[in-house]
Every structure is written in structure tokens, then in C-alpha cells.
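Chemist: Here you go, sequence then predicted model.
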Amino acid sequence: MRAHGGHTVPVYLVTLGHPDARASVGYFGGVHGLERIGSQVVIAWLHSLVMRLRWDESLHELLRKVRLVFMPIVNPGGMLRGTRANPNGVDLMRNAPVDAQEPVPLLVGGQRISAGLPWYRGRRGEPMEAESAALCDAVGREMHGRAFSLALDCHSGFGMRDRIWFPFAHRRSPIAHLAQLHALHEIFEQTHNHHHYVFEPQSRQYLAHGDLWDHLYLNACESPERVFLPLTLEMGSWLWVKKNPRQLFSRDGIFNPLIAHRQQRVLRRHLPLLDFTLRAAAASARWLPGAQDQERHRAAAHGRWYGA
């Protein structure tokens, strides 16, 4: 919960699927209050699933295998205020107790100078913000105890391409489950061979302090036999600005499609990705690499993402 304007603003969590399923997928949006389109993508996917529950027998079968977790608006106070940060001025995606191991870009990589400047991490040594803690609690309770789990956090505002980022943000070295991540990427490429996403580690673009998904992934690694793969969908909002330059004069317009038909196109554009995450989690035992295949996937991943 977060107080805003004298009112308590709730952070909602919705779950679908069997509580004891071996796999889970989490869908998150609105970590940054300005990026409404991320929340809208998550809500559109949830709405589609709920409507299909009436008649789709195959969906019922999937939900016996997978627990779905939805947190569509992680930062409701920021969304009400129209700010990237929460009402305390803290950027939730710079708020985790993880420090970058190399220099980060000035301000963008996270700063503790002032809440009046963007990308503020919060004071050193203080607990995480209520919204950050709520997200971490939901992931820890609903996802970390399962054999396989996958998270998709929906953002906007970086470049003219839609990107799927994976950890790490605080260092350039690869994650421990690189082979499993490459296997996931491989089946995505095979089944969506005309997709438009750039799939890459976030560290290829920039490093940052306090990344929540780095923090949650490192926590999950305390049980190495379980696989947790957090992904970030970074929708390229500069393309919307290119098509409608007047959006530059609106703070909302830099991060969201303001014309109705473009918003509808964005909501349709990403549904195949969200559907893939559900099906991949349900069938993870079929594609996760065994001991003999892990080295092949690891070598291929190094060549694709870390060779340079």
C-alpha cells in the first residue's frame, strides 16, 4: 500500500492456475508510473485469459501446470502523479540492494544525491520502498519455490526497437542459467522466426545500480536446482515519437502511444510473446537442456551475446 494525496493506493496482485504447479510465469507492469503502456499490455493479456476461461479447455489444461502471477501496476502512486518515480521520489528499478561492479552512466545508472533528480535509489541502508518490497514478496512467495519460473516486466522508452532484456544490469558477466536462457531464446526463434525483438543482456546497453530483477535472480540462485529467468520487455517508444513528433511536447507521449490505433496495435503486437511465455513454462521439461546439452547452449550464448 502507498499513501497518495491522503488516500491509500493499493498494489494489486492477481493469480491464476494451480497453487502447487511446478512452473510459474509472472507479468509485471507500471514499475515506472509514466509508462502506462506496460500496464495496459499486462491487463490486456489478463483480460484475454479470463475471457477464454469460459470455453478454452486447452487453457484449463495449461493452468493445471502453470501458476500465473499478475501485478499490472507496481507503482500506482507514480501513475497517479504521472511520474517515473514513486511518491517518495524513488525509482523502483534502482531501489534494490545491488551495486554495479563497474562505473554506471551518470544519474541514469542510479544516484543517491537527491529525490529531486531522476533515477534516485533512496537512502543507503534504508529498507526498500513498499512497492519494491511488494513485488519482491510476490515473486518470492509465488515463483521462487517452483522448479521453473519466468518473469516478464513490461516497460517503454528505450530506442526504436522492442527489446527483451535479461540480467545482469549490475555487471557484464553472464548469469548462471545462461544455457537455459539460450534454450528459451532458441525455441522462441524457432516458433516466431519473423519476430521483431532484439534479445540481449541489459548490460550490452548500460549498467545500473539497484536493479530489482538482478536482486531477485541472485536470491533465486540460492536454490540452484530451480530455474528462474527474469525478462524485461522494453518497448521502443521513440518509434511512436518518430511517427508523431508532437508527442515530444508531452511527457506521456515520450513513453506511450497517444493515438488510439497505435495503442491498439501495440496491445496486439505483444500478445504472441506473452502467450509464448505461458506455453514455454508449461512445457519447460521438454526444452530445458539436460547436462549433455548445456555446454552447447552456453557456448552458443557466449558467441551471440558476449563474444565481443
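Modeler: Perfect, I can see it now. Numbers count the residues shown, from 1 in each chain.

Chemist: Buried residues, the longest helix anywhere in the chain. List them.
Modeler: Ordering each helix of the chain by length in residues (DSSP state H) puts helix 36-52 first. Of the residues in helix 36-52, 36-46, 49 count as buried by neighbour count, 16 or more other C-beta atoms under 10 Å. For the C-beta atoms, the positions are set from N, CA and C on the backbone; glycine is no exception.

Chemist: And the furthest pair within these?
Modeler: The largest distance within the buried residues of helix 36-52, taken as C-beta to C-beta, falls between Arg36 and Leu49 and amounts to 20.5 Å.

Chemist: Mind telling me what element the residue nearest to Pro97 when sequence neighbours are not counted is part of?
Modeler: Closest residue to Pro97 apart from its sequence neighbours, by C-beta to C-beta, 6 or more residues apart in numbering: His215 at 6.6 Å. Applying DSSP states H and E as the criterion places His215 in helix 212-220.

Chemist: Can you name every helix or strand that that helix contacts?
Modeler: Counting contacts by 3 or more C-beta pairs under 8 Å, 6 or more residues apart in numbering; DSSP states H and E, helix 212-220 is packed against helix 130-142, strand 148-156, strand 227-235.

Chemist: Swap in 7 Å and give it another go.
Modeler: helix 130-142, strand 227-235 (3 or more C-beta pairs under 7 Å, 6 or more residues apart in numbering; DSSP states H and E).

Chemist: how many degrees apart are the longest helix of the chain and strand 227-235 in direction?
Modeler: Angle of helix 36-52 versus strand 227-235, following axes from the mean of the first three to the mean of the last three C-alpha atoms, to 10 degrees, is 120 degrees.

Chemist: Averaged pLDDT, helix 36-52. What do you get?
Modeler: Averaged over helix 36-52, pLDDT sits at 98.

Chemist: tilt between that helix and strand 148-156?
Modeler: Orientation of helix 36-52 against strand 148-156 (the same axes, to 10 degrees) gives an angle of 130 degrees.

Chemist: and the next element down the chain from helix 36-52?
Modeler: Counting by DSSP H and E, the element after helix 36-52 in chain order, helix or strand, is helix 57-63.

Chemist: Quick check: mean pLDDT of that following helix?
Modeler: The average pLDDT within helix 57-63 is 98.

Chemist: repeat for stretch 267-280
Modeler: 97.

Chemist: so how far is it from its chain's centroid?
Modeler: Centre-to-centre, stretch 267-280 and its host chain are 13 Å apart (C-alpha atoms, centre = their mean, to the nearest Å).

Chemist: quick one: contacts of that stretch?
Modeler: The contact list for stretch 267-280, computed with C-beta atoms under 7 Å, 6 or more residues apart in numbering, reads 25, 27, 40-41, 44-45, 48, 62, 66, 150, 152, 184, 187-188, 192, 233.

Chemist: quick one: Arg161 from Gly303, how far?
Modeler: Here Arg161 is placed at a distance of 21 Å from Gly303 (C-beta to C-beta, to the nearest Å).
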